[in-house]
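*Asks:* model this:
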Amino acid sequence: AFTGAEVAAAPLLDAQAFRDEMRDRLTISAARGRQLSLVLVEIKGLLEAKNRLEPDEIAKLIGKVQALIAQHGPDNATAGLSDERFAILSGAGFNLAGLIKAIDELSTPTGSHLEASGQSVNLSAGRDPLQQFRAVKSALDCFLAAGLPKDEASLRKSFNAVLDETTRSAGRLNQILEQKLFELYYQPVVDLSNDEAAYHEVLVRFDKGVLPGPMIKLAEELAMIERLDAQVADRAMRRLRAPGSERLKLAVNVSGATLLSDAFLERLLSASSGVDNLRSRMILEITESAALPNLEAASRRIKALCEAGFKVSIDDFGAGAASIDYLRALPVTAVKIDGRYVHGVHRDSRAQSIIKHLVGMCSELDYTTVAEMIECEDELAAVTALGVDCGQGWLFGRPEPEPCAPARRTAPRARRVGEKEFWG
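*Replies:* Next up, the predicted model:
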């Protein structure tokens, strides 16, 4: 039998729902000057008990743990990160010691007892909420991977170290955006029917020692990505207007958050107006590390962009949030297949099957397909045989300060039956 008071509890969140709730609460608490606490709790013996219980008994046991969490702190959001590890976002006054004592006293239907331990860290209302959110995510990742730190002081130290580093990096990123301290590089995307450049992807490069991947991820996490996307798009359009660039075609990355910004779309349409065929020479590659929150709104904006003359592509399809739902809901013109399926594809029958069926779907939807990260002739032969339209990777050329013809110059291969021209 269970012992302890029966208390109603809020539903247990999964990790992603907890992150979403945490981001919202941090923003609201910062605006209101209220302090929150992150509480990490590990309950040893819970997994063993689960393995020995019937489903209804497991549900009742987890419900009891949730009820105890609700009983010992106001207005909690609680996530089950694993079978024995829980994260709690609470207001001031969470009674961690009382919770641990109550769980230790909780008996299970098997007669075994649970052993709880926990640590907490206060989240300052005076710090930037998105910077704190990034530090909290780091703490959760460490907790999920390795359990609790050796003591609460270690938790606070590691949390504050990530927060301080995030603050410094955010300052550096803001300086980059204020002073436009970046350059554009260009990598060819090749029409596999004739080895000619279909277009060039625009890639951003920062000062020496600043890696683009982490800096772009930071911009996404701190809601600064729209500023970067807008500046890159502006510079790419200036390049398309430059004398001698009349036949140049460029693709720029646009994050999902930027796509949903009316201000960005208005800026893009205004900056591209009045120049013959500029929009038809520009493709927007929609990148997204988290699922688009509103596919209907994204679809409306993509439709407006295509009607204005732009082309729109789903980038890194098969990785992160890009899913089959995107093919159904978004009226794009092209799909770029993530490099994890292309790397070593010539010796990976499962990757070949995935690409083959994706190409088939895209063909029926009249979408062009692009395979990225092609680095050897065997990979090129494989994706060509699977019907992919275009390719990108070091086999054709690395990113360069100026758009260059593909490095690989061979005799054109015969066009496949029914193959379409890219860019019309």
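
*Asks:* for residue 136, what are its contacts?
*Replies:* By C-beta atoms under 8 Å, 6 or more residues apart in numbering, the residues touching residue 136 are 22, 26, 38, 123, 159. Just so you know, the C-beta spots here come from the backbone N, C-alpha and C atoms, and that holds for glycine as well.

*Asks:* ends of stretch 22-41, how far apart?
*Replies:* 17 Å (C-alpha to C-alpha, to the nearest Å).

*Asks:* list the buried residues for it?
*Replies:* Buried residues in stretch 22-41, counted by 16 or more other C-beta atoms under 10 Å: 22, 23, 25, 26, 29, 30, 36, 37, 38, 39, 40, 41.

*Asks:* among the residues you listed, which one lies nearest to residue 401?
*Replies:* Set against residue 401, the nearest of these by C-beta to C-beta is residue 23 (37.6 Å).

*Asks:* so who does the closest residue to the closest one other than its chain neighbours touch?
*Replies:* Once flanking residues are discounted, residue 23 sits nearest to residue 133: 5.1 Å by C-beta to C-beta, 6 or more residues apart in numbering. Shown here is residue 133, whose contacts under the criterion C-beta under 8 Å, 6+ apart are 19, 22, 23, 26, 221.

*Asks:* what pLDDT does residue 133 get?
*Replies:* The model reports residue 133 with a pLDDT of 93.

*Asks:* how far away is residue 197 from residue 158?
*Replies:* 47 Å (C-beta to C-beta, to the nearest Å).

*Asks:* so for the two, which sits in the more crowded spot?
*Replies:* residue 197 (21 against 16; other C-beta atoms under 10 Å).

*Asks:* need phi/psi at the more buried one.
*Replies:* Per-residue torsions, residue 197: phi -70, psi 120 (degrees, to the nearest 10).

*Asks:* quick revisit: list the buried residues for the helix or strand in which the residue nearest to residue 23 is found?
*Replies:* Assigned by DSSP states H and E, residue 133 belongs to helix 129-146. Using 16+ other C-beta under 10 Å as the burial criterion, the residues of helix 129-146 that qualify are 129-140, 142-143.

*Asks:* hey, where'd the strands end up in the stretch 101-250 of the chain?
*Replies:* 115-123, 182-191, 196-206, 250-255 (DSSP state E, counting those that start in this stretch).

*Asks:* so which of these is nearest residue 54?
*Replies:* Residue 54 lies closest to strand 115-123 among these, at 22.7 Å (C-beta to C-beta).

*Asks:* report the angle between that closest one and helix 129-146.
*Replies:* Counting by axes from the mean of the first three to the mean of the last three C-alpha atoms, to 10 degrees, strand 115-123 lies at 160 degrees to helix 129-146.

*Asks:* in its sheet, what does strand 115-123 sit against?
*Replies:* Using DSSP bridges, strand 115-123 pairs in its sheet with strand 36-44 (antiparallel).

*Asks:* next SSE after the strand it pairs with?
*Replies:* Scanning forward in sequence from strand 36-44 by DSSP H and E, the next helix or strand is helix 46-52.

*Asks:* helices or strands up against that next one?
*Replies:* Using 3 or more C-beta pairs under 8 Å, 6 or more residues apart in numbering; DSSP states H and E, the elements in contact with helix 46-52 are helix 55-71.

*Asks:* circling back: so of the contacts of residue 133, which ones are in helices?
*Replies:* Counted as lying in helices by DSSP state H, out of the contacts of residue 133, are 19, 22, 23, 26, 221.

*Asks:* which one is the last one nearest to, not counting chain neighbours?
*Replies:* Using C-beta to C-beta, 6+ apart and skipping the chain neighbours, the partner closest in space to residue 221 is residue 134 (5.3 Å).

*Asks:* what are the ranges of the helices in the stretch 201-350 of the chain?
*Replies:* Counting by DSSP state H, counting those that start in this stretch, the segments of the stretch 201-350 of the chain that form helices are 212-221, 225-241, 256-259, 262-272, 295-308, 324-329, 339-342, 349-364.

*Asks:* who's in contact with the first one?
*Replies:* Contacts made with helix 212-221 from outside it, assessed by C-beta under 8 Å, 6+ apart, are listed as 130, 133-134, 166, 169-170, 173, 176, 203-206, 224-225, 227-228, 255, 257, 289.

*Asks:* one more pass at 7 Å, please.
*Replies:* Residues from elsewhere that reach helix 212-221, judged by C-beta atoms under 7 Å, 6 or more residues apart in numbering: 130, 134, 169, 173, 204, 205, 206, 225, 228, 255, 289.

*Asks:* repeat that for the longest one.
*Replies:* Outside helix 225-241, the residues that touch it by C-beta under 7 Å, 6+ apart are 177, 180, 184, 202, 204, 219, 245, 248, 250, 252, 254-255, 257-258, 261, 264, 267-268, 271-272, 275, 278, 281-282.

*Asks:* hey, C-alpha coordinates of that helix in PDB?
*Replies:* Presented in PDB, the C-alpha positions along helix 225-241 are these (Å, rounded to 0.1, in the frame of the first residue of the first chain):
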ATOM      1  CA  ILE A 225      19.000  35.100 -35.500                       C
ATOM      2  CA  GLU A 226      16.600  37.400 -37.400                       C
ATOM      3  CA  ARG A 227      19.200  40.200 -37.300                       C
ATOM      4  CA  LEU A 228      21.900  37.900 -38.700                       C
ATOM      5  CA  ASP A 229      19.600  36.500 -41.400                       C
ATOM      6  CA  ALA A 230      18.500  40.000 -42.500                       C
ATOM      7  CA  GLN A 231      22.100  41.200 -42.700                       C
ATOM      8  CA  VAL A 232      23.200  38.100 -44.700                       C
ATOM      9  CA  ALA A 233      20.200  38.500 -47.100                       C
ATOM     10  CA  ASP A 234      20.900  42.200 -47.600                       C
ATOM     11  CA  ARG A 235      24.600  41.500 -48.400                       C
ATOM     12  CA  ALA A 236      23.600  38.600 -50.800                       C
ATOM     13  CA  MET A 237      21.200  40.900 -52.600                       C
ATOM     14  CA  ARG A 238      23.900  43.500 -53.000                       C
ATOM     15  CA  ARG A 239      26.100  40.800 -54.600                       C
ATOM     16  CA  LEU A 240      23.300  39.900 -57.000                       C
ATOM     17  CA  ARG A 241      23.100  43.600 -58.100                       C
END
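
*Asks:* perfect, I'm done here.
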